[in-house]
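> Sequence and computational prediction follow.
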Amino acid sequence: MNYPITLFFFIVSFLTFNSHLIGQNSRGLQLKNNDTNSVNRGKKYALIIGNDQYTNLICQIPPNVKRNSKAVCKILSEKYNFECKLLLSPTKNELEKEIYSYHETLKDNDRFLIFISGHGEFDNKYTEDGYIAVKDSKLTKLDPYYNSYLSYQKFKRMVDQLPNKHIGLVLDISFGKAFNEKLSDLNNRNIESESDIKKNLEQYINEQFRKKARIQLLSGFENYSNSTFTKLLLESLIQNQLVEGIPLTLMEIYNLAINSNNTHPTYDHFGYDDPGSLFIIGDINYASQLELSNLFERANKGDKDTQFKLGEMYYYGNGVIQDYSKAFDWYKILADQNNPDAQYKLGEMYYYGKGNIPQNFEVAFSWYHKSADNGNSDAQFMLGEIGYHEKNGVSNIFDAYNWYQISAHNGNINAQFMLGELYFKGKIILKNDKKAQEWYKKACEGGNEAACTKLKQLKTIEN
């Protein structure tokens with residue numbers, strides 16, 4: 001059984017159907033703050049470590065380490081009120097000293113999140129342990145016992161001894177396939193499921209804060225070139241800051257990560273903690289709950305802008321639990337009223353097969369066509385794509401060219417790029433480098449990076 005997913009959806013189901021604890025309207029939740037035993041939740045601290053500079057090593061690292069580390073720190077500070085420290089490419093001594101310094105900073109109820117991105121090694125001969133590479137780490141042939149690295153087991157012991165209750169570790173580091181396989185045997189070993197939640201959300205969260213939590217989440221990727229773990233982490237922090245009152249946890253990020261194609265994440269407890277504990281990143285935001293309730297009220301009264309906004313919120317998981325079925329319902333209300341943006345979104349859901357909506361190119365084509373006829377340039381572009389790539393069962397490349405043209409003239413940068421491609425390659429129409437350059441330029445000026453690259457290539461050829 002996959003306990004993280006079971007627990008998360010059990011909580012959501014419980015909160016949704018126990019109306020004596022939670023005030024609920026037809027499409028959303030309202031929380032009742034009747035907990036009189038609120039606990040001190042302390043302060044929130046984060047240490048973000050990005051390792052991409054190694055004096056003695058030539059190694060692969062996850063992409064954009066420095067930029068992504070800064071982005072994680074920024075969003076934790078601005079959106080989640082963490083006091084965040086950024087540590088870029090520290091030496092072993094600097095890293096250990098920084099962690100030890102939190103003994104003087106952290107209090108009992110504080111939360112401490114540590115994120116590390118960079119290179120790692122695995123010793124399968126002497127210790128069967130992972131090792132975090134730091135700036136002054138040496139080549140393994142010169143340091144076969146990894147004395148210049150930080151042992152992962154030592155790192156966890158150092159962190160476990162910190163004085164606060166709530167600690168979360170997130171590592172976007174590849175220690176190698178053997179290390180990942182070893183950890184997968186332990187994955188979920190100590191994860192408890194709550195068998196009975198007889199409290200409202202506020203009481204449940206307070207119960208979590210009374211527990212001691214030591215949670216680790218490792219990306220588990222094996223190929224540096226295509227790791228998207230940190231990108232997924234950032235998207236989770238941005239999109240799931242608040243999910244219908246349930247604060248974002250490391251468990252929820254793990255649930256999202258296991259659906260990624262190129263990660264094999266590990267979620268586990270470490271050190272001495274309490275069964276069933278969670279590391280909670282966010283907080284309940286009652287002002288946002290009131291705002292959500294107001295949105296439902298306006299949407300149910302027929303406000304079209306609000307209906308579309310709710311569709312977008314459920315589609316992307318912004319402020320609510322991502323739910324493609326609910327997104328579909330809100331889009332459908334508007335699409336039946338000839339709203340081109342909602343018609344486009346329904347086409348997109350059928351085109352890609354979102355959630356429980358089955359992939360169906362014929363139905364997607366129908367909704368895209370309605371949207372395109374109503375002037376939506378994205379739908380016009382997608383009709384070009386469907387014809388060009390034979391997604392509707394027949395190849396209609398000339399029709400594709402016409403739709404690309406209409407969309408491009410309506411300012412769609414992707415259609416402008418495709419027209420540049422068609423003129424450059426001489427496909428459908430006669431090859432015309434001047435026309436290609438014109439359309440690439442328009443697309444590039446609109447922000448299409450592929451068009452900018454093509455434009456540079458054309459100018460290089462001319463010179």
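That came in fine, so what should we check first? Given the structure is predicted, the values throughout are model-derived calculations rather than measurements.

> Does Tyr267 fall in a helix, a strand, or a coil region?
strand (DSSP: H, G, I helix; E, B strand; the rest coil).

> number of nearby residues for the closest residue to it other than its chain neighbours?
Nearest non-adjacent residue to Tyr267, counting by Cβ to Cβ, 6 or more residues apart in numbering: Tyr254, 4.0 Å away. Using the backbone N, CA and C atoms, a C-beta is placed for each residue, glycine as well. Other residues near Tyr254 come to 24 when the count uses other Cβ atoms under 10 Å.

> Then Glu449?
Neighbour count for Glu449, taken as other Cβ under 10 Å: 10.

> Could you check how far it is from Tyr254?
Distance from Glu449 to Tyr254, counting by Cβ to Cβ, to the nearest Å: 32 Å.

> just Gly50 next, same as before
Going from Gly50 to Tyr254 by Cβ to Cβ gives 21 Å.

> Give me the distance between the helix or strand hosting Leu233 and the centre of its chain.
Assigned by DSSP states H and E, Leu233 belongs to helix 229-239. Using Cα atoms, centre = their mean, to the nearest Å, the distance from the centre of helix 229-239 to the centre of the chain it belongs to is 3 Å.

> average pLDDT for it?
Model confidence over helix 229-239, given as mean pLDDT, is 81.

> Let's see it as PDB, backbone CA atoms only.
Extracted C-alpha coordinates of helix 229-239, given in PDB (Å, rounded to 0.1, in the frame of the first residue of the first chain):
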ATOM      1  CA  PHE A 229      12.900  17.500  -9.400                       C
ATOM      2  CA  THR A 230      13.800  21.000  -8.300                       C
ATOM      3  CA  LYS A 231      11.500  22.400 -11.000                       C
ATOM      4  CA  LEU A 232       8.700  20.200  -9.700                       C
ATOM      5  CA  LEU A 233       9.500  21.400  -6.100                       C
ATOM      6  CA  LEU A 234       9.200  25.000  -7.300                       C
ATOM      7  CA  GLU A 235       6.000  24.400  -9.100                       C
ATOM      8  CA  SER A 236       4.600  22.700  -5.900                       C
ATOM      9  CA  LEU A 237       5.600  25.700  -3.800                       C
ATOM     10  CA  ILE A 238       4.000  28.100  -6.300                       C
ATOM     11  CA  GLN A 239       0.800  26.300  -7.100                       C
END
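
> how does this protein divide up, domain by domain?
33-284, 288-462 (automatic domain parsing).

> and these, which one's lowest on average pLDDT?
Averaging pLDDT over each of these puts domain 33-284 lowest, since it has a mean of 82.

> Are we agreed that the residue nearest to Tyr267 is in a strand?
No. According to three-state DSSP, Tyr254 belongs to no strand; its state is helix.

> where's it relative to Phe112, distance?
From Tyr254 to Phe112 the distance is 18 Å (Cβ to Cβ).

> just checking, what packs against the helix holding Leu233?
With contacts taken as 3 or more Cβ pairs under 8 Å, 6 or more residues apart in numbering; DSSP states H and E, helix 229-239 sits against helix 65-80, strand 166-174, helix 250-257.

> could I get the ones you listed as JSON lines with distance to Arg210?
Formatted as JSON lines, these follow (distance: least, Cβ to Cβ, whole Å):
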{"stretch": "helix 65-80", "distance to Arg210": "21"}
{"stretch": "strand 166-174", "distance to Arg210": "10"}
{"stretch": "helix 250-257", "distance to Arg210": "18"}
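
> Just name the most buried of those.
Mean neighbours per residue, mean count of other Cβ atoms under 10 Å, is largest over these for strand 166-174, with a mean of 26.

> same for it, what does it pack against?
Using 3+ Cβ pairs under 8 Å, 6+ apart: strand 166-174 touches strand 111-123, strand 129-132, helix 152-160, strand 213-218, helix 229-239, helix 250-257.

> again, only using 10 Å
With contacts defined as 3 or more Cβ pairs under 10 Å, 6 or more residues apart in numbering; DSSP states H and E, strand 166-174 has these neighbours: strand 44-50, helix 65-80, strand 111-123, strand 129-132, helix 152-160, strand 213-218, helix 229-239, helix 250-257.

> Tell me which of these sits nearest to Lys92.
Lys92 sits nearest to strand 129-132 of all the helices and strands packed on strand 166-174, at 8.8 Å, using Cβ to Cβ.

> Adjacent strands (with direction) for that closest one?
With DSSP bridges as the test, strand 129-132 is paired with strand 111-123 (antiparallel), strand 150-151 (antiparallel).

> Find the one among those strands with the highest mean neighbour count.
Across the strands paired with strand 129-132, averaging neighbours per residue (mean count of other Cβ under 10 Å) puts strand 111-123 on top, at a mean of 23.

> measure stretch 97-108 end to end?
Terminal residues of stretch 97-108 are spaced 21 Å apart (Cα to Cα, to the nearest Å).

> Show me how far it is from its chain's centre.
29 Å.

> cool, and stretch 93-107?
Chain-centre distance of stretch 93-107: 29 Å, with Cα atoms, centre = their mean.

> so how far is Leu76 from the residue nearest to Tyr267?
With the distance defined as Cβ to Cβ, Tyr254 ends up 18 Å from Leu76.

> do the same with Phe417
35 Å.

> Please list all residues in contact with the residue nearest to Ile75 when sequence neighbours are not counted.
Of all residues not flanking Ile75 in the chain, Leu237 sits nearest, at 4.9 Å (Cβ to Cβ, 6+ apart). By Cβ atoms under 10 Å, 6 or more residues apart in numbering, the residues touching Leu237 are 71-72, 74-76, 79-80, 248, 253, 281-282.
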